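Student: based on what follows, work out the 3D shape:
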Amino acid sequence: MIAAFDPLKAAREELAGLNDILRVLMQRERRCEELMSEAENELNAVRKIIGYVRIGQDKLKECIKELE
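Tutor: Numbering: from 1, shown residues only. Below is the predicted model of the structure:
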């Protein structure tokens, strides 16, 4: 025998499913924020190294110019 449709049960199951989806999406959102923060930190570190290398290049160019 087929049970009668229970709209209250269906609505509760749908709400439970949406809660699961929201939880997963919020976890993914946090992970994305963490990845963005890590990427920003790495970008800043690389920019500092690039600046250091350019200063070194300029100093060596000046030294070479003086020696010539």
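
Student: just the C-alpha atoms of stretch 28-44, please, in PDB.
Tutor: This file holds the C-alpha atoms of stretch 28-44, laid out as PDB (Å, rounded to 0.1, in the frame of the first residue of the first chain):
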ATOM      1  CA  ARG A  28      33.600  26.300   0.700                       C
ATOM      2  CA  GLU A  29      33.200  30.100   1.200                       C
ATOM      3  CA  ARG A  30      35.600  29.900   4.300                       C
ATOM      4  CA  ARG A  31      38.100  27.800   2.300                       C
ATOM      5  CA  CYS A  32      38.000  30.300  -0.600                       C
ATOM      6  CA  GLU A  33      38.700  33.200   1.900                       C
ATOM      7  CA  GLU A  34      41.600  31.200   3.300                       C
ATOM      8  CA  LEU A  35      43.000  30.600  -0.100                       C
ATOM      9  CA  MET A  36      42.600  34.300  -1.000                       C
ATOM     10  CA  SER A  37      44.500  35.200   2.100                       C
ATOM     11  CA  GLU A  38      47.300  32.800   1.400                       C
ATOM     12  CA  ALA A  39      47.500  34.000  -2.200                       C
ATOM     13  CA  GLU A  40      47.700  37.600  -1.000                       C
ATOM     14  CA  ASN A  41      50.400  36.800   1.500                       C
ATOM     15  CA  GLU A  42      52.400  35.000  -1.200                       C
ATOM     16  CA  LEU A  43      51.900  37.900  -3.700                       C
ATOM     17  CA  ASN A  44      53.200  40.400  -1.100                       C
END
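
Student: how about the secondary structure of I2?
Tutor: coil (DSSP: H, G, I helix; E, B strand; the rest coil).

Student: what residues are up against it?
Tutor: Residues counted as contacts of I2 (CB atoms under 8 Å, 6 or more residues apart in numbering): none. (Glycine included, C-beta is placed from N, CA and C.)

Student: and E62, by the same measure?
Tutor: With contact set as CB under 8 Å, 6+ apart, E62 has no partners.

Student: pLDDT value on it, please?
Tutor: Reading off the confidence values, E62 has pLDDT 97.

Student: great, nothing more from me.
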